[in-house]
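# dropping a prediction and its sequence here:
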Amino acid sequence: RKEVEQDPGPFNVPEGATVAFNCTYSNSASQSFFWYRQDCRKEPKLLMSVYSSGNEDGRFTAQLNRASQYISLLIRDSKLSDSATYLCVVKPGNTPLVFGKGTRLSVIA
Amino acid sequence: NAGVTQTPKFQVLKTGQSMTLQCAQDMNHNSMYWYRQDPGMGLRLIYYSASEGTTDKGEVPNGYNVSRLNKREFSLRLESAAPSQTSVYFCASRQPLSPFGRGSIRTPNTEAFFGQGTRLTVV
């Protein structure tokens, strides 16, 4: 089982739609969790950290379920500018960040 | 507001040539990383340096060497380039949490900052 697994995608959704990405991780000792966004031919950038109690940033909501080792990202009211690849990232203890392969999102007008 | 700076941005090498990818960060971060990104494979860790003076292998270290020159700089060297090393290379830095920062539900999880990447083609 890979350390971090994500929905394969691509997700093609119309503007205004709600889309959810899921991610599972294998190391139960993982302590930190993130969602990164990567635009085409650009570097990854932090979208949001994921806290145990769940957190929201505008149209974006992240949830963590430690018992199921599951992370999610919900995007409401999708915009064309949300089109990108979304990377699930986990930090297992004192080892470096582990990245999922990413899920590509295309928001269509 | 430089953050993480990588050079060069593009490079074409012939098989067997050597080169060094440079990376520098101005955020006083302790940890630095080199990743490669290939289609369908995601970001894979080549080497990392948890602090100045230390380096460790990541998932795919074969064919690479690194040097943590000082706290700011972390270079990646290809001694004898191969076509399989054609990829996009990203350098990143991060400031690990201090022990006092752990255990709090709302403690910020420190993020990694990436350079703009180096697109390397080996022919």
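Sure, I can see it.
# can you list the residues of chain A near chain B?
A:31-34, A:42-46, A:49-53, A:87, A:91, A:96-102 (Cβ under 8 Å from any Cβ of the partner chain). From N, CA and C alone the C-beta is placed, and that goes for glycine too.
# from residue A:100, how far off is residue A:106?
The spacing between residue A:106 and residue A:100, counted by Cβ to Cβ, to the nearest Å, is 18 Å.
# okay, and for the chain, where does confidence drop off?
You didn't say which chain, so I picked chain A. For chain A, the stretches with pLDDT under 70 are A:1.
# hmm, no, I was thinking of chain B.
In chain B, residues with pLDDT under 70: B:1, B:97-109.
# where exactly do the strands run in it?
Assigned by DSSP state E, chain B shows strands spanning B:4-7, B:10-13, B:19-25, B:31-38, B:42-49, B:56-57, B:64-68, B:74-78, B:87-94, B:112-114, B:118-122.
# got the ones you listed as JSON lines, with mean neighbour count and distance to residue A:66 columns?
Shown next, in JSON lines, are these (neighbours: other Cβ atoms under 10 Å in any protein chain shown; distance: least, Cβ to Cβ, whole Å):
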{"stretch": "strand B:4-7", "mean neighbour count": "18", "distance to residue A:66": "31"}
{"stretch": "strand B:10-13", "mean neighbour count": "14", "distance to residue A:66": "42"}
{"stretch": "strand B:19-25", "mean neighbour count": "19", "distance to residue A:66": "32"}
{"stretch": "strand B:31-38", "mean neighbour count": "23", "distance to residue A:66": "24"}
{"stretch": "strand B:42-49", "mean neighbour count": "22", "distance to residue A:66": "23"}
{"stretch": "strand B:56-57", "mean neighbour count": "13", "distance to residue A:66": "27"}
{"stretch": "strand B:64-68", "mean neighbour count": "18", "distance to residue A:66": "34"}
{"stretch": "strand B:74-78", "mean neighbour count": "20", "distance to residue A:66": "33"}
{"stretch": "strand B:87-94", "mean neighbour count": "23", "distance to residue A:66": "22"}
{"stretch": "strand B:112-114", "mean neighbour count": "23", "distance to residue A:66": "22"}
{"stretch": "strand B:118-122", "mean neighbour count": "18", "distance to residue A:66": "37"}
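# let me see the contact set for the most centrally placed residue in chain B.
Most central in chain B under Cα atoms, centre = their mean is residue B:34, positioned 1.9 Å from the mean C-alpha point. Counting by Cβ atoms under 8 Å, 6 or more residues apart in numbering or on different chains, residue B:34 touches B:21, B:23, B:45-48, B:58, B:64, B:66, B:74, B:76, B:89-92.
# repeat that for 6 Å
By Cβ atoms under 6 Å, 6 or more residues apart in numbering or on different chains, residue B:34 lies in contact with B:46-47, B:76, B:91.
# pipe the residues you listed into JSON lines and attach distance to residue B:123 per row.
Output for the contacts of residue B:34, formatted as JSON lines (distance: Cβ to Cβ, whole Å):
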{"residue": "B:46", "distance to residue B:123": "21"}
{"residue": "B:47", "distance to residue B:123": "24"}
{"residue": "B:76", "distance to residue B:123": "19"}
{"residue": "B:91", "distance to residue B:123": "23"}
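# and the residues you listed, which is closest to residue A:8?
residue B:46 (24.6 Å; Cβ to Cβ).
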